Every structure is written in structure tokens, then in C-alpha cells.
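Enquirer: sharing a sequence plus its predicted fold:
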There are 2 protein chains.
Amino acid sequence: MRKVSIGLIGFGTIGSGVTQVLLKRRAWLRDMTGVDIELTRICDKDLTSDRGVRVDRKILTPDANVILNDPSIDIVIELIGGVHPAKEIILTALSRGKDVVTANKALLAQEGKAIFEAARKFNREIRFEASVGGGIPIIKALREGFVSNKINGIYGIINGTCNYILSRMTDENCDYGSALKAAQKLGAAEANPHLDVSGMDSVHKLILLAGLSFGAFRKPDEVYREGILEIGPRDIAYARQMGYVIKLMAIAKRSAREIEMRVHPTLIPDSHLLANVGGLYNAIYVKGDLIGENLFYGEGAGKFPTASAVISDIVDMAKQTRESGHLNYQLLDSRFRGNDSRERGNDSTQDNELKIKKMDDIESRYYIRFCAVDTPGVLAKISGILGKNGISIANVTQKDERVGGAAPIVMMTHSAVESRLRRALGLIDRLPVIKGKSVAIRVESL
Amino acid sequence: MRKVSIGLIGFGTIGSGVTQVLLKRRAWLRDMTGVDIELTRICDKDLTSDRGVRVDRKILTPDANVILNDPSIDIVIELIGGVHPAKEIILTALSRGKDVVTANKALLAQEGKAIFEAARKFNREIRFEASVGGGIPIIKALREGFVSNKINGIYGIINGTCNYILSRMTDENCDYGSALKAAQKLGAAEANPHLDVSGMDSVHKLILLAGLSFGAFRKPDEVYREGILEIGPRDIAYARQMGYVIKLMAIAKRSAREIEMRVHPTLIPDSHLLANVGGLYNAIYVKGDLIGENLFYGEGAGKFPTASAVISDIVDMAKQTRESGHLNYQLLDSRFRGNDSRERGNDSTQDNELKIKKMDDIESRYYIRFCAVDTPGVLAKISGILGKNGISIANVTQKDERVGGAAPIVMMTHSAVESRLRRALGLIDRLPVIKGKSVAIRVESL
């Protein structure tokens, strides 16, 4: 019987969920896995609030160093969130021979390089299943299940708050403000929802997914990002009429020498499984060269789904011996990066030149809404400018509505280059017949 | 650098996919995982057919004993399918200290007990990710990702052939025969499709999923089974009008002391993600007490998806040391079986009395179609018999069609006990106004 000793740092919602499960299911997990997991210490600044779980007060401490200095502790669970002092805690834990489990996507996205290097240097392991998709075992799938695949694309609905707000706007035909309020009332959005609605949380998670998939472990400022604040019920309704749903998508795709990484509102066909992912749910759609298309769906946050992910990391680590466990994190920066192996023969070539494609250079179809004065010749002017910029129109509808004296013209383009579209829209928006800024939203066929 | 030596038995479609990937990606997998996987031997009766992959002829053998007798081989991959001689090969491999990877659901469902006992006795491991859901990492999710969950229900579309046939019948409004022919033409159904369309293949897979989820490792004859042969385009169309899709579902649910295990055509709401799983795709919907609801979707069969699953098993085994690896298969018969742990306190209680619920005792809503002579009072007679048997009607529609002089009456019941429904239908079918056997299909709300 192997025994592992756990030090938990951060006794908030997820920490108390982890504690509850580890205590109640200790014997069960021991019988099933052959490893006895002892929760040795819990650290939190606040040791008085009721967490709905009874723990021996002797194991509580307000000082993380009590855990970091305890040589008997094998695994440190970091659940305090934020960059500091989480980074220092994790680096210290690794340097003292402890493995680490964390749910901290912001930290890993911003400081992952230093942390993964430290893990390698000290021959320790760091796991982070709980950092993306709550209870969905997507990290495990990418690291282990799809280990022999070249991943070609990841398309994720990975922020429950944004998905709740957009789903509510779609279902109730309401605006962003009232959907946000409803989300806050439900506890589905923070009082300050910026990290979520700006798309930044999705960027953090996408960095981890892309890192595992392409070995391209990037910084948040390298990833294009648009939040959901500009999306209105009008565009949601027009998109629906055309057979599309608007979701905040986190997208990472690879071509031969480049990867695209971007987070933005996206029209997806309403017949696609991702279009049916509503409310607080998350889903990640993965394209791999062996598996084809896979989708994972589940609760993307919450006390117990996230605790389930943390505990799966603990059990995996506990079952491994030192000799077998320490290599896994290297996946992050050693995943195959070249062209299709079947064309290249032996796959060992590593292409460290894989670059992020400039947003100007990406190609996409676009949903566009213009607000135009309803006079003859308007459409000719708009389509003339689009045509000169190489943008061809798949279909166009003039809506029977008036918004501030102008008529909405809604258009779907064929595939176009982003920079050309931006240039065309700049020109169109300066036409005297155009009232207000045109709206353009990217479309993914999937 | 650890090195593992592989002996592959069965050089068919999947075997050649595994071979192709292991050879082409050997260096990549080595760099990424720290384990060098050498394909040492391949065994097949047929050594002359072109498999589309070039292998050194010296590693080929028609004799499985060459692999079983080779002490340098660490892992045996069994991909010949069927019960014999696959069972003997696996038992011999285990007894000679080799770990085993297999995709053989029929064998594991029928002879799993002997095989898992042998693995335990010889301190070896057996893995079978490829046996359910092709490239979908569902076995890994249940064993590892959801390790701390009590699983409450599994709802799977796990036979691509049946799903293709039913999807085609739905989309093209055609009958079973022509959908089967189309499937056979596409290679999506065998010349003899019995194992698939009878539901037996789904039973085999459900036994593995339920074994991992409930520790209830059952025999095929303990699982209720209905195939798709009785499903006609008429019922598919009527179900759609009511907002449902008909799928062949493999269902395993638990209550306090019992589990339900059954495979049969099922109406599911067309708004549910599972309803949108079309063609050859598979999906498994899992309900766990911590994770809530999760769904996994992907290609359920095929050369490369299945090869991806086999290789993930190989890599997992190769990364483990002997000390850490051999316990995993015990999950199959030691998973927690009692009531909700949060009510019961410590989870160590194992309830070996968990029984399969008799089909007579299950409760379900039902779609029913009667063929009745169109005379006054017919509905009163039918609903009178239903009422006397405790079956209440949620809605009923008499269709504006005539089939052999009779009018279809389509009904949805509230939840009813199976034995009572069967008794009522038996009585109704003996009424002179009823022409032909009534059709009843179970409904899952999910």
C-alpha cells in the first residue's frame, strides 16, 4: 500500500470540495487504486468560515510555509488562484521535491514557462486538469488519450459565464446588460465580470489547450481576443435566421508552418453539436489526424466538477512512481510540430519555427451588418467596395426594420482575408449613406 | 530511456493502423513520452496481403507462440477478435508476464472474469480503450478522469452501424432494408450485420462501461436487448412529429440497490445533444455525482481512431513501472457500489448485492402505436385497458392515414411499469378493433 500525503493551499469553494471528497472517499479510493491519500494539511488565510465540511482543526494553518517546509508532504494542491503568491508557492513546492496540482489557468498561461522549467529542473510533475473545462477530462485526453495524434484544431466553448450570457440573450431575446445581471444573480458571473466577458479567461485556457496540442505554449498578449460586450440581440437574431448561433469560441488551428490562436464571438451552424451547448456548460471540439473529430461536453466550473478533476490528478500522480511520472509535463513543449508525418516519413523532426499567424492574415467567412440609409444604390456602393477588396458576397438581406432612420443590411461573405475585410469596412463606414459602425463577426464552418 | 517491446497479434485493419503509427511516429512518441516503443513481432495467418504499410518481413510470423514464447516482449496487442483463440492467447500472455492491450469487447464481455482474474493472479495489466467508442477516450475517463465519482448513469450510442442505419432512415425516410444496403455499400455494415443490428455488440460494450462505472461486470445474457430490425420509417416519422429521435441506446443506471442494464431503440428528445449524434458517430453520456453530466463524442470505429486508442493504452502501460501499473484493472470489480457516500459517511462499504433490475420492473415512458379500425369508441376501449393497468396517457393523436384499412393511433404515456404495459398491450392486441401488433418504444428523458 503506497501512501501519499497532501498539502492543500486554498480552502475556498473548490478547496472545500476537494477536502470533502478526499475525506469521505478515502477508503474507497484506497481500495480502488491501491494508494492511500492522506490530506495532511490545509492552508488558508481565513480559518473561521464554515465550508460545509468538518476537518480536524489541527491540520489547518494560515501559513503556506507550514506545508512547503513539511518534508512528509508529497503533493501540494494550489487552489488560491491569481499569479502571486501562487507562483512562488508552486516554485517553492517543486524545489522542495513536491509534485503540484493546480487549477490556476491564469498563472500557467502567464508564467507557465518558468513553472514547467522548474518542474523539469527538480524532476517533479505539475498537473492541471481542473484548469480547463471543470470536470471534463480534456487535459488527460490531449496528453494521454490522443498522445499519438497530430492535433489539427481545437474549438472550445470554455467560459461558462460568457456561454450563459450569450445563451440567455439568444433564448430570451434580451440585451447583454440584463443577461449579465441574470448571470450575476445566479452566481454564474462575478460582480466584476471583466476577466470572463473580455475573453481573457478563455485566452488563458486556450493557451493550455494549444500548448498540449501543438507544443506552442504562448503568452496571453500573443492571442487575438474579442469579448462579448459588443454582441447585441439584433445580431443574435439575424444570425439565427441564417441558421447560425453566436458563441464565444476559443480557436486554435494549425497549418503547415503556422498556428492560429484566437478568442472571439463566432457564428457556428445551428446544426453543429457546439451550437447546442447552452448555459453554463463547456465543450471542446478536437480535430486530430487519427481520431478525426471528437467532442467533450460537461460542466465547466463549479465546486464538485472541479474537485473531481483535481482528485483525478492527485490519484494519477499518487499511482505513479517517481521514475514514471516526471516526464509528462514535457508534452507541453515537445509535442510534434512539423507537417503531416505520413508525408514526411519519420516524425522526429521538430519545427520550432511554428509561428502564430497574424490576425490580418487569417481567412474566414464573415457575418456583416451595415446600417444604411434606405436609398437606391446603397447596396451597389457597399458591394463595389467589397468586390474591389476581393471579398465576395454569399448572400445579403435588407431587413424590414428601421434603426435610427437606417435599414440593417445583413450579409454573409465567402472566405475572405481579415485585413482586406477591415480595409473594406473602414471605407464603407465612411460612406455618407452609412449610419453607425458596421458589425463584422467571424463564421466557423467546423 | 525505457524501452518496451511489443508483439502484435492480428494484422488486419486496426493492426495495420497500429503498425503504421507505431513505425512512423516512433521517434516522436519516444521524445514526448520518454519511452521507446519497439514493434518487435507481428503475427497473422495471412502474411501476404498488402496492408498499406511496409514492415520488415523478418518480424512477421504466422505463429502466435513465437510472440508468447519470446521473453523480450513486454506487451501483447490482441487484435484478432472473437473469443477463441483470443482468450487462450491473452491468458497465456498474462501467465508469461506480459501485459495485454485488446480491442476485443466480445471476449471481455463474455470471458472478462477469467481474464481479469488471470491478470491479477500474474500481477499483469490488461487495457482495452479501443473496445468501446473507437478513438473516444471513454475508458480512460471512467477509470481515471472520473475516479472519485459515483457514476449514476451511462447512456451510449455505441454502435456506429445501427446509428448509421437509423440516421439514414430518419434523414431519407427509408426503410430498414434500404438503409442497411446503403450501410453495407459504404462499408458501415458487415455482409452479415447480425452482431450489430441485433444490439449484441452494444451489449458487449455496455458491459464494459457498466463494469468500470458500477463494478457490476455482467454476462451478456443478463442484459436486456432489442435490436433495430423492428423499427420502421413510420415510427421514426411520428416520433419526430412529437419532438423525438429514435436511437439505439445502451443504458446503464443505478439506484440504491439495483442497476438497470439494457440495449434497445429509444426515443430521446430532439433537443438533446445525443439526438444530434448522426451517422457512424458514437457518443457516451455519463452522469456522475461530482461531474454532473458529461458527453463524449467521436468516431466509434475505423482504422486510425481505433489505432489511436490502442496506442494510448500502450503508451500508458509503457510509462508505468511494474509497481504502479498492475492495480488498475481492479477497478473493474472493486468500484464503489453502495448508496450515496455523502449520506453514508465513509465510502468503504462495498455492496456486493447490487442486482440487475428485472426488465418487468423498470419504469419508463413509452411511445405506443396502435393500428385500430376507425370506429367510434376505439380510443375508449384502449384507454380503458391502459387505465386499469395503471398506465396514464400524456398525449394521443389519431393519424390521418390508413394502413391496411386501419388508422394509426400514436400515444405517449407517463412513466409506467414495464410488466403492466406489456400486460395492457397483450389485452389491447386481442381486441377485434385492433389490426396488427401494437408497437411500443421506450422513451428516455435524459
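Expert: Cool, got the structure. Numbers count the residues shown, from 1 in each chain, chains lettered A, B, ... in the order given.

Enquirer: break chain A into its domains for me.
Expert: A:2-134+A:304-326, A:139-300+A:338-356, A:362-443 (automatic domain parsing).

Enquirer: can I get those in JSON lines with mean pLDDT, distance to B:A301 and mean neighbour count?
Expert: Every residue, glycine included, has its C-beta placed from N, CA and C. Converted to JSON lines, the domains of chain A look like this (pLDDT from 0 to 100; distance: least, Cβ to Cβ, whole Å; neighbours: other Cβ atoms under 10 Å in any protein chain shown):
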{"stretch": "domain A:2-134+A:304-326", "mean pLDDT": "93", "distance to B:A301": "26", "mean neighbour count": "20"}
{"stretch": "domain A:139-300+A:338-356", "mean pLDDT": "91", "distance to B:A301": "11", "mean neighbour count": "20"}
{"stretch": "domain A:362-443", "mean pLDDT": "95", "distance to B:A301": "31", "mean neighbour count": "16"}
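
Enquirer: tell me how far A:C174 lies from A:E401.
Expert: 18 Å (Cβ to Cβ, to the nearest Å).

Enquirer: same deal with A:E418?
Expert: Taking Cβ to Cβ, one finds A:E418 at 28 Å from A:E401.

Enquirer: so which of the domains of chain A comes closest to B:R51?
Expert: Evaluated with Cβ to Cβ, the domains of chain A place domain A:139-300+A:338-356 nearest to B:R51, the distance being 14.5 Å.

Enquirer: how long is that closest one from one end to the other?
Expert: End-to-end distance of domain A:139-300+A:338-356: 22 Å, with Cα to Cα, to the nearest Å as the criterion.

Enquirer: contacts only, for A:A318.
Expert: A:A318 makes contact with A:R2, A:V4, A:T33, A:V35, A:I37, A:D74, A:I75, according to Cβ atoms under 8 Å, 6 or more residues apart in numbering or on different chains.

Enquirer: confirm it sits in a strand?
Expert: No. Going by DSSP: H, G, I helix; E, B strand; the rest coil, the assignment for A:A318 is helix, not a strand.

Enquirer: of the contacts of A:A318, which ones also sit close to chain B?
Expert: A:T33 (Cβ under 8 Å from any Cβ of the partner chain).

Enquirer: just the contacts of A:A318 now: which is nearest chain B?
Expert: A:T33 (6.5 Å; Cβ to the nearest Cβ).

Enquirer: so that closest one makes contact with B:V147?
Expert: Yes. Taking Cβ atoms under 8 Å as the definition, A:T33 is a contact partner of B:V147 at 6.9 Å.

Enquirer: overlap of the contact sets of the two?
Expert: A:V315.

Enquirer: A:I228: which element?
Expert: A:I228 is part of no helix or strand, with elements assigned from DSSP states H and E.

Enquirer: look up phi and psi at it.
Expert: Dihedral pair for A:I228: phi -100, psi 10, per degrees, to the nearest 10.

Enquirer: ok, A:P233 next?
Expert: Torsion angles, degrees, to the nearest 10, at A:P233: phi -60, psi -30.

Enquirer: next up, the contacts around it.
Expert: Counting by Cβ under 8 Å, 6+ apart, the residues that A:P233 touches are A:M169, A:N173, A:C174, A:D175.

Enquirer: related to what we said a few turns ago, make a markdown table out of the domains of chain A and add distance to B:P233.
Expert: Listed next are the domains of chain A as a markdown table, based on distance: least, Cβ to Cβ, whole Å:
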| stretch | distance to B:P233 |
| --- | --- |
| domain A:2-134+A:304-326 | 39 |
| domain A:139-300+A:338-356 | 21 |
| domain A:362-443 | 34 |
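
Enquirer: closest to B:S312 out of those domains?
Expert: Taking the domains of chain A one by one with Cβ to Cβ, domain A:139-300+A:338-356 is closest: 5.1 Å.

Enquirer: centre of the chain to that closest one, how far?
Expert: 6 Å (Cα atoms, centre = their mean, to the nearest Å).

Enquirer: what's the closest non-adjacent residue to A:I42?
Expert: Distance criterion Cβ to Cβ, 6 or more residues apart in numbering or on different chains; nearest residue to A:I42, sequence neighbours excluded, is A:L8 at 4.7 Å.

Enquirer: residues in contact with the strand or helix carrying the one you found?
Expert: Element membership for A:L8 (DSSP H and E) is strand A:2-9. Residues from elsewhere that reach strand A:2-9 (Cβ under 8 Å, 6+ apart): A:15, A:18-19, A:22, A:34-44, A:64, A:67-68, A:70, A:72-80, A:89, A:98, A:314, A:317-319.

Enquirer: quick check: end-to-end length of stretch A:432-446?
Expert: 37 Å.

Enquirer: residues in contact with it: which ones?
Expert: A:155, A:230-231, A:235, A:239, A:244, A:246, A:249, A:251, A:264-269, A:272, A:274, A:285, A:364-373, A:375, A:378, A:381, A:404-406, A:412, A:421, A:425, A:428-429.

Enquirer: and those residues near chain B, which?
Expert: Applying Cβ under 8 Å from any Cβ to those, none is adjacent to chain B.

Enquirer: isn't A:I136 right up against A:N294?
Expert: No. Using Cβ under 8 Å as the test, A:I136 is too far from A:N294 to be in contact (11.7 Å).

Enquirer: report the contact partners of the residue lying closest to A:N395 once chain neighbours are set aside.
Expert: Take A:N395 and drop its neighbours on the chain: the residue closest to it by Cβ to Cβ, 6+ apart is A:M412, 5.3 Å away. Residues in contact with A:M412 (Cβ under 8 Å, 6+ apart) are A:M242, A:R365, A:Y366, A:Y367, A:I368, A:I393, A:A394, A:N395, A:V396, A:V443.

Enquirer: bridging residues for A:M412?
Expert: A:Y367, A:N395 (DSSP bridges).

Enquirer: kindly report the same for A:I6.
Expert: Taking DSSP bridges, one obtains A:L39, A:I75 as the residues bridged to A:I6.

Enquirer: show me where the stretch 151-300 of chain A has strands.
Expert: A:151-157, A:224-225, A:244-254, A:258-269, A:281-288, A:292-299 (DSSP state E, counting those that start in this stretch).

Enquirer: in JSON lines: these, plus distance to B:E117.
Expert: Listed next are the strands of the stretch 151-300 of chain A as JSON lines, based on distance: least, Cβ to Cβ, whole Å:
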{"stretch": "strand A:151-157", "distance to B:E117": "38"}
{"stretch": "strand A:224-225", "distance to B:E117": "54"}
{"stretch": "strand A:244-254", "distance to B:E117": "45"}
{"stretch": "strand A:258-269", "distance to B:E117": "48"}
{"stretch": "strand A:281-288", "distance to B:E117": "35"}
{"stretch": "strand A:292-299", "distance to B:E117": "33"}
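
Enquirer: if I look at A:R430, how far off is chain B?
Expert: 44 Å (Cβ to the nearest Cβ, to the nearest Å).

Enquirer: just the endpoints, please. Distance across stretch A:214-228?
Expert: 27 Å.

Enquirer: tell me where the stretch 301-446 of chain A has strands.
Expert: Going by DSSP E, counting those that start in this stretch, the stretch 301-446 of chain A shows strands at A:355-356, A:363-373, A:393-398, A:406-413, A:416-417, A:439-443.

Enquirer: any idea which of those strands gets closest to B:L209?
Expert: strand A:439-443 (36.9 Å).

Enquirer: where's the closest one relative to the chain centroid, distance-wise?
Expert: With Cα atoms, centre = their mean as the basis, the mean position of strand A:439-443 lies at 20 Å from the chain mean.

Enquirer: can you give me the angle it makes with strand A:244-254?
Expert: 60 degrees (axes from the mean of the first three to the mean of the last three Cα atoms, to 10 degrees).

Enquirer: from chain B, how far off is A:K437?
Expert: From A:K437 to chain B the distance is 36 Å (Cβ to the nearest Cβ).

Enquirer: I meant to write A:R442 there.
Expert: Taking Cβ to the nearest Cβ, one finds A:R442 at 23 Å from chain B.

Enquirer: do the same with A:S312
Expert: 5 Å.

Enquirer: which residues does that residue contact?
Expert: Applying Cβ under 8 Å, 6+ apart, the residues near A:S312 are A:E129, A:P137, A:K140, B:E144, B:G145, B:F146, B:V147, B:S148.
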